[in-house]
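Undergrad: Output the structure for:
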Amino acid sequence: MALAVSLALVAGLCCSCLDASVTISLPETGPVVVKLDYQVSRLLISLTGVEPWLEIQPLPVSLAGLEQRAATFGASLSQASEETLLDGQRIQATLSFPDLASLVAFINTPTIAASYSATPTQGIELQLLPPDRRFLPADGTAQAFLEATFPSASLELTLNLPSPPSSARGFTVHGRQAQYRQGTIDLLFGGDTISLALDW
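TA: Now for the predicted structure:
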């Protein structure tokens with residue numbers, strides 16, 4: 001099976017989540033398990049339901065919303081919790097998708113482009129926040145706000161693979177595990193599209 005995913009996953013998450021950890025476990029067969037742990041700012045929660053944020057947010061800003069969206073794509077939710085913080089919400093959950101196709105469908109939003117194929121080799125490719133998907137003000141106000149309020153926020157993406165990767169670009173690899181970590185500020189305002197790839 002070949003898998004090619006082109007998406008703004010990490011940066012898209014950061015458009016609605018300031019601090020996020022995403023772990024995706026890809027087995028040889030069976031359900032695809034995704035563990036989410038993300039924090040949403042109170043400011044962005046207040047924009048929920050307001051255009052254009054309703055259209056572009058890649059992840060729901062509430063646990064109820066996450067459960068509803070996951071069910072739409074055949075995923076079940078477990079080990080879920082929601083915590084109110086001083087500056088927003090923290091959501092933790094484990095999602096089990098019946099297959100990779102349903103996960104890709106879940107990922108697809110106006111801020112995230114996701115696709116995959118089944119031949120000829122196993123692999124994954126990620127494009128993080130390409131220029132045509134940057135839904136942030138260009139006048140520097142958003143960057144100044146985040147730098148002052150969440151200077152240490154980051155996105156961490158971990159993929160647990162069925163076998164060690166034969167090649168990797170942009171990931172740190174340890175055995176069957178590949179990781180990517182980037183600060184939210186650098187990710188959102190770095191200007192360049194970040195390209196990541198794995199084959200196994």
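Undergrad: could you show me where the helices are in this protein, in order?
TA: Ranges of helices in the chain, per DSSP state H, are 9-16, 42-46, 53-56, 63-72, 100-107, 141-149, 184-189.
Undergrad: Low-confidence stretches in the protein?
TA: Residues of the chain that meet the criterion pLDDT under 70 lie in 1-18, 43-58, 109-115, 117-121, 127-139, 142, 191.
Undergrad: So which residues of it form strands?
TA: In the chain, the strands defined using DSSP state E lie at 19-25, 32-41, 76-85, 88-97, 123-128, 154-160, 167-169, 172-174, 177-183, 194-199.
Undergrad: Would you mind finding the most buried of those strands?
TA: When the strands of the chain are scored by mean count of other C-beta atoms under 10 Å, the highest mean neighbour count falls to strand 123-128 (a mean of 22). Backbone N, C-alpha and C define where each C-beta goes, glycine included.
Undergrad: and the strands of the chain as a markdown table, adding distance to Phe106?
TA: Putting the strands of the chain into a markdown table (distance: least, C-beta to C-beta, whole Å) gives the following:
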| stretch | distance to Phe106 |
| --- | --- |
| strand 19-25 | 11 |
| strand 32-41 | 8 |
| strand 76-85 | 12 |
| strand 88-97 | 7 |
| strand 123-128 | 15 |
| strand 154-160 | 15 |
| strand 167-169 | 24 |
| strand 172-174 | 25 |
| strand 177-183 | 19 |
| strand 194-199 | 19 |
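Undergrad: Which one of those lies nearest to Leu146?
TA: Closest to Leu146 of the strands of the chain is strand 32-41 (C-beta to C-beta; 8.7 Å).
Undergrad: Pretty sure Leu188 sits against Glu147.
TA: No. With contacts counted by C-beta atoms under 8 Å, Leu188 stays clear of Glu147, the gap being 10.5 Å.
Undergrad: ok, the two, which is more surrounded?
TA: The residue with more neighbours, out of Leu188 and Glu147, is Leu188; 23 against 14, by other C-beta atoms under 10 Å.
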